[in-house]
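S.K.: predicted model follows, preceded by the sequence.
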Amino acid sequence: MGKATYIPTPCIRVCRLNEESVCVGCLRSAEEIRRWPDADLDERIEILDQISERSKTIAPQY
């Protein structure tokens, strides 16, 4: 299996920021949401890792 060349957005169209400026749907911070369109693969993986860590303490609300 080869290396990924594209990682789609984790957005699930439940777009609302909580009091910590984290989306209650995809668990990305407002800054991560802004960075996503221009992020390369490594940065997208980094953002996904942050979402994974965040999901241990914040449950998505959808």
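M.R.: Looks like it came in fine. Numbering: from 1, shown residues only.

S.K.: and the longest helix along the chain, what does it pack onto?
M.R.: If each helix of the chain is counted by residues according to DSSP state H, the longest one is helix 41-54. In terms of contacts (3 or more C-beta pairs under 8 Å, 6 or more residues apart in numbering; DSSP states H and E), helix 41-54 is packed against helix 30-35. All C-beta spots, glycine's among them, are computed from the backbone N, C-alpha and C.

S.K.: give me the buried positions along the helix it packs on.
M.R.: Of all the residues in helix 30-35, those buried under the rule 16 or more other C-beta atoms under 10 Å are 32-33.

S.K.: and the residue nearest to the spatial centre of the chain, how close does it get to Asp38?
M.R.: Residue closest to the average C-alpha location in the chain (C-alpha atoms, centre = their mean): Arg28, at 3.8 Å. Separation of Arg28 from Asp38 (C-beta to C-beta, to the nearest Å): 14 Å.

S.K.: kindly report the same for Pro8.
M.R.: Distance, Pro8 to Asp38, using C-beta to C-beta: 15 Å.

S.K.: correct me if wrong: Gly25 contacts Arg16.
M.R.: Yes - counting by C-beta atoms under 8 Å, Gly25 touches Arg16, with 7.0 Å between them.

S.K.: what about these two, which has more around it?
M.R.: Gly25 (17 against 10; other C-beta atoms under 10 Å).

S.K.: just confirm the more buried one is within a strand.
M.R.: No - counting by DSSP: H, G, I helix; E, B strand; the rest coil, Gly25 is located in no strand; its state is coil.

S.K.: next, count neighbours for the residue lying closest to it once chain neighbours are set aside.
M.R.: Leaving aside its sequence neighbours, Gly25 sits nearest to Val14 (C-beta to C-beta, 6 or more residues apart in numbering; 2.9 Å). Residues lying near Val14 (other C-beta under 10 Å) number 12.

S.K.: isn't Cys23 up against Arg16?
M.R.: Yes - taking contacts as C-beta under 8 Å, Cys23 lies within contact range of Arg16: 6.8 Å.

S.K.: alright, that wraps it up for me.
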